[in-house]
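Undergrad: Quick one: sequence plus predicted model below, questions after.
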Amino acid sequence: MQSNRKKLIQLLANHQYTYISSQQLARKLNISQSSIWRYMKGLEEDGYHIEFESHLGYRIVREPKQVSENTLIRGLNTKWLGQHIIHRQSVSSTQTLAHRLAHEGGKHGTVIVADEQTNGKGQMNRRWHSAKNKGIWLSMILKPSIPPKLAPQLTLLTATVLADVIIQHTQQKPQIKWPNDVLIQKKKVAGILTEMQAEQERVIYVIVGIGLNVNQTSKDLAEDIQLKATSLLRETGKTWNIKTFIHQLLYRFEKSYEMYVKHGFPYIKRKWENYGFKVGQFIRVKTLKEAWYAHFLGIAEDGALLVKNSSGETEKIYSAEIDWFNTEDDHSP
């Protein structure tokens, strides 16, 4: 059914300004005309406004504003990413659902989208606030042929894709705070959560979760994060089409992912450093052993944080407490 619905929507999209007869649709889909009628009723229930003329056929007059599997399928210009989309009005966490589906054999490129998360997940088990119909809350099931140690590179790749989509639509240049936050004017607008299932040296699957604040007002953001977080609406004064953002996000991610698979990480590294927050400046690094002001050089080929330490040596950091904001640039290592 999903396949026929997708084909039907695409056929109607190809005849946006003209009618297409039920006979033509039935022939192209190899189903009966009565089945075409039932599919049309289903699309109308999803919010499509479909016009029918007995001697001409069907055409879509207006698309629904709400996000659904059908509305996401139409206009999605990808080859494999999002060709299987699961939409939920409300879910505890798209990550949790994606893990379950992956365990059950969910295909590479499956995308789970929710209007609302009641228990959204962020890094370090922090809660991600996911207001209903105000942002993009989605997870992707990926099955890359890479060693587990390289899986964090997918977080950095995803951050560059988010940054590209944001600047394309809003003309606001974001910055990426290592490893998984996207900022506008030093406030968090998006976060990424990458989780992996692996055995020995083989990745079984990776779940990449994305939370992007799109149309939240100040009142929609929890009081404890209002000074630290923002949305595209708050930064631009405009309300944005969430479906369009999802389409662009999936399209750009697929292109970037394919380039990564083919050519490796160097291209992603260069792009990330162009967006990197505080690259070339000083940050405060605290580990279990010591704390120091470090010159942030960029990221290493494996995605680690690259700094010049207090001894003047270049060092890779995989895990540490980083103070990004309360630092002074007159410190030198």
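TA: That came through, no problem.
Undergrad: Verify the stated contact: residue 273 with residue 296.
TA: No: counting by CB atoms under 8 Å, residue 273 does not reach residue 296; the two are 10.1 Å apart. Any C-beta I mention is one placed from the backbone N, CA and C, and that applies to glycine too.
Undergrad: more crowded one of these two?
TA: residue 296 (23 against 17; other CB atoms under 10 Å).
Undergrad: Each with direction, which strands does the helix or strand where the more buried one lies pair with?
TA: In this structure, residue 296 sits in strand 291-299 according to DSSP states H and E. Strand pairing for strand 291-299, determined by DSSP bridges: strand 282-286 (antiparallel), strand 305-308 (antiparallel).
Undergrad: Now that strand: buried residues?
TA: If you call a residue buried by 16 or more other CB atoms under 10 Å, then strand 291-299 has these buried ones: 292-299.
Undergrad: low-scoring stretches of the stretch 201-333 of the chain, by residue?
TA: Residues of the stretch 201-333 of the chain meeting the criterion pLDDT under 70: 327-333.
Undergrad: Helices along the stretch 151-300 of the chain, start to end?
TA: With DSSP state H, counting those that start in this stretch as the criterion, the stretch 151-300 of the chain has helices at 152-170, 232-236, 242-263, 266-275.
Undergrad: State the distance from the nearest residue in space to residue 4 that is not next to it in sequence to residue 82.
TA: Nearest non-adjacent residue to residue 4, counting by CB to CB, 6 or more residues apart in numbering: residue 29, 5.6 Å away. To residue 82, residue 29 is 21 Å away according to CB to CB, to the nearest Å.
Undergrad: just residue 156 next, same as before
TA: Following CB to CB, the distance that separates residue 156 from residue 82 is 21 Å.
Undergrad: Quickly list the domain ranges of the protein.
TA: 2-62, 69-275, 282-323 (automatic domain parsing).
Undergrad: is the residue lying closest to residue 294 once chain neighbours are set aside in a bridge, and if so with what?
TA: Among residues not flanking residue 294 along the chain, residue 307 sits closest, at 3.8 Å (CB to CB, 6+ apart). Per DSSP bridges, the residues bridged to residue 307 are residue 296, residue 315.
Undergrad: Which parts of the stretch 1-150 of the chain are strands?
TA: 49-53, 57-62, 85-88, 111-114, 117-121, 127-130, 135-142 (DSSP state E, counting those that start in this stretch).
Undergrad: May I see these arranged in a markdown table, with mean pLDDT, distance to residue 20 and mean neighbour count as well?
TA: Shown next, in a markdown table, are the strands of the stretch 1-150 of the chain (pLDDT from 0 to 100; distance: least, CB to CB, whole Å; neighbours: other CB atoms under 10 Å):
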| stretch | mean pLDDT | distance to residue 20 | mean neighbour count |
| --- | --- | --- | --- |
| strand 49-53 | 90 | 11 | 12 |
| strand 57-62 | 89 | 5 | 16 |
| strand 85-88 | 94 | 24 | 20 |
| strand 111-114 | 97 | 28 | 26 |
| strand 117-121 | 79 | 38 | 19 |
| strand 127-130 | 68 | 38 | 18 |
| strand 135-142 | 97 | 31 | 26 |
